[in-house]
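K.L.:
Okay, sequence plus prediction incoming.
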Number of protein chains: 6
Amino acid sequence: MSRKWKKEFEGERSRLNELIFSGGHLGIKRFFALDEQAYHDGALPAKTKELMGLASSMVLRCNDCIAYHIVRCFDEGVTKEEFYEAFNVALMVGGSITIPHLRIAAEKMEDLFD
Amino acid sequence: MSRKWKKEFEGERSRLNELIFSGGHLGIKRFFALDEQAYHDGALPAKTKELMGLASSMVLRCNDCIAYHIVRCFDEGVTKEEFYEAFNVALMVGGSITIPHLRIAAEKMEDLFD
Amino acid sequence: MSRKWKKEFEGERSRLNELIFSGGHLGIKRFFALDEQAYHDGALPAKTKELMGLASSMVLRCNDCIAYHIVRCFDEGVTKEEFYEAFNVALMVGGSITIPHLRIAAEKMEDLFD
Amino acid sequence: MSRKWKKEFEGERSRLNELIFSGGHLGIKRFFALDEQAYHDGALPAKTKELMGLASSMVLRCNDCIAYHIVRCFDEGVTKEEFYEAFNVALMVGGSITIPHLRIAAEKMEDLFD
Amino acid sequence: MSRKWKKEFEGERSRLNELIFSGGHLGIKRFFALDEQAYHDGALPAKTKELMGLASSMVLRCNDCIAYHIVRCFDEGVTKEEFYEAFNVALMVGGSITIPHLRIAAEKMEDLFD
Amino acid sequence: MSRKWKKEFEGERSRLNELIFSGGHLGIKRFFALDEQAYHDGALPAKTKELMGLASSMVLRCNDCIAYHIVRCFDEGVTKEEFYEAFNVALMVGGSITIPHLRIAAEKMEDLFD
């Protein structure tokens, strides 16, 4: 795996978001806007909120959401050691059923630091 | 509701943890120890990890876990404004199905500040 | 059980929604508005969308959400026979783990028709 | 993507259902029969029940179940506009964690109308 | 807590099952019958299947289902030591989010042996 | 499909576990050790605990976890007939949303006996 996954992931994400927006449903558009704003710097810094998004995505076991928040956390300066502590919190909360997702998360994360 | 809930919640929690430990299962004991350590200050501060625990508990919709992490976040100095931002992240990730838990979370949190 | 549950349920719901709104978080407020609009008559009638909300609440196993959509379905004219068909769809999708919620749903629904 | 996915999806589904039935377990067979009957026209029309199945599959985040109910909804005459309203209900109930599934749902649905 | 919970639990369960059956929906009735048969002695003994039902109920975090399978496991001769091993499997699979349910499970189980 | 999936699955699993361990997080390492020990022969035989792990993985709908426990159950001598009874328990508990996972489980299981 090279960082190619990041480019492909983001390309596919954009393509399908546009397909959804082309459907013209106002409620869906507004939800996407609200969702994006939830992670902006505010009373809590973006970094903390992205870590909360990452943990939530891991315990809910959604690989695409995990990949998204790993990239965002990386962009906010989360270090490798911080990533592993975040993974550990998610593993404790969510149990062994999250391990296959932890594997994918660790691989994607390590790749960003290469 | 007065802060009585906190005392009752913590008393019941201790009583039942001891009942579980009296069963003498080593794996369960070790899991409880690992779980507790996951939230200690480390590469990430305890406050950030408790916020991750809170968000995870809200999206997984566990009222007791929410109550526990609200108390712990409060003890780590999370402000009201920070709590609402954390609630918002969990609401966006988890959707309207989390609203009944958000209601309980908000009431318990507001009560701690009274 | 008398229809008292409906009144108490709606009172508690209003009280806690106001407590949440008093927190003043704009994202949360907007989410609540979007959520409410999602069930208005549109390309699909409100009745169909409330039935979708009911089935979703049953398979996600949230008693408060089930109670809310049962009242809304009842207000939209869903009949007893239609309720049982909706319960059956949710039971098939979600399995026996939904049965405790089905029990509560059936009791609340039957009560509305008394 | 061409409508090829529909053919492949249905072929794979049939092949594996037969593999399961070849195991000869009566309970499993009967469950499959009950599940199929749950969506027949009755007090509620098949179209409404398929929309309930679609919403349930989206909030439970099962791509294969989503694909199945999208095809069935399409066969029952659900229009594009109705699909987007159904997607919106599921998005509100299930939150941003459903977005990766919404993307796949929208693509498959749009493809059926091409 | 005295063993009163068992009596009340079983009474409430019967009362509401009858309320559901009085609705006369054939699919629901058949599902209940299939569900009951799934735990009968067969290639796997009832005891093993009840332990599978208990673990599944714990990781899916349904207190009523847990109470039901604890009683059934007890009736099939599951010992205290076996119960704690089953709890441990569920705790490992499901993580700390299952702990509030483990507490309730342990208390109900210990009560049956008193 | 030939038994190649088993080899590839186990290879990938080992590779990613080592990547995770190379991160050096003690809590994660200890969790993995506890998790492994949970399935050893004890008051309950390994076979029973693997069947509990399989049922839990099916109702939580994790394909990798299902594949892992199918291999482990097979190694513990679970017969085809016993597998189908286990599948049936999981199907009843988890409902039709588990069917896509049941399909994959059945194919992998049948392949091990070929």
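P.N.:
In hand now; what should we look at?

K.L.:
how about the helices in chain A?
P.N.:
Under the criterion DSSP state H, helices of chain A are mapped to A:4-22, A:26-37, A:46-59, A:63-75, A:80-94, A:99-113.

K.L.:
what angle sits between the second one and helix A:4-22?
P.N.:
Taking axes from the mean of the first three to the mean of the last three CA atoms, to 10 degrees, one finds helix A:26-37 and helix A:4-22 inclined to each other by 140 degrees.

K.L.:
residues of helix A:26-37 that come out buried?
P.N.:
By neighbour count, with 16 or more other CB atoms under 10 Å in any protein chain shown as the criterion, the buried positions of helix A:26-37 are A:Gly27, A:Ile28, A:Arg30, A:Phe31, A:Phe32, A:Leu34, A:Asp35. Glycine gets a C-beta too; all of them are placed from N, C-alpha and C.

K.L.:
Now do the most centrally placed residue in chain A against chain C, distance only.
P.N.:
Most central in chain A under CA atoms, centre = their mean is A:His69, positioned 1.8 Å from the mean C-alpha point. The gap separating A:His69 from chain C is 18 Å, by CB to the nearest CB, to the nearest Å.

K.L.:
What's the per-residue pLDDT of the spatially closest residue to that residue that is not a sequence neighbour here?
P.N.:
Spatially, and ignoring its direct neighbours in sequence, A:His69 is nearest to A:Leu54 (3.9 Å; CB to CB, 6 or more residues apart in numbering or on different chains). Predicted confidence (pLDDT) at A:Leu54: the value is 98.

K.L.:
Show me how far stretch A:30-42 is from its chain's centre.
P.N.:
Relative to its chain's centre, stretch A:30-42 lies at 14 Å (CA atoms, centre = their mean, to the nearest Å).

K.L.:
Give me the mean pLDDT for that stretch.
P.N.:
Predicted confidence along stretch A:30-42 averages 98 (mean pLDDT).

K.L.:
Indicate whether it makes contact with chain B.
P.N.:
Yes - for stretch A:30-42 and chain B, the contact criterion (CB under 8 Å from any CB of the partner chain) is met by A:Leu34, A:Asp35, A:Ala38, A:Tyr39, A:Gly42.

K.L.:
most packed of the helices of chain A?
P.N.:
Each of the helices of chain A was assessed for mean neighbour count using mean count of other CB atoms under 10 Å in any protein chain shown. The highest is helix A:46-59, with a mean of 26.

K.L.:
Provide the contact partners of stretch A:107-114 at residue level.
P.N.:
If you take CB atoms under 8 Å, 6 or more residues apart in numbering or on different chains as the criterion, stretch A:107-114 is touched by A:1-3, A:5-6, A:66-67, A:70-71, A:74, A:80, A:83, F:16, F:19, F:23.

K.L.:
List the contacts of the residue nearest to A:His69.
P.N.:
The neighbourhood of A:Leu54, defined by CB under 8 Å, 6+ apart, consists of A:Ile66, A:His69, A:Ile70, A:Cys73, A:Ala86, A:Ala90, A:Ala105, B:Met52.

K.L.:
so what's whatever residue is furthest in space from the centre of chain A scoring on pLDDT?
P.N.:
The C-alpha centroid of chain A is most remote from A:Gly24, which lies 25.6 Å away (CA atoms, centre = their mean). As predicted, A:Gly24 sits at a pLDDT of 97.

K.L.:
Next up, the contacts around the closest residue to it other than its chain neighbours.
P.N.:
Spatial nearest neighbour of A:Gly24, excluding adjacent residues (CB to CB, 6+ apart): D:Tyr84 at 7.5 Å. Listed by CB under 8 Å, 6+ apart, the contact partners of D:Tyr84 are A:Gly23, A:Gly24, A:His25, A:Ile28, C:Ala43.

K.L.:
What's the separation between the first one and chain C?
P.N.:
In this case it means A:Gly23. Computed as CB to the nearest CB, the A:Gly23 to chain C distance reads 11 Å.

K.L.:
ok, that residue to chain E distance?
P.N.:
For A:Gly23, the distance to chain E - CB to the nearest CB - is 34 Å.
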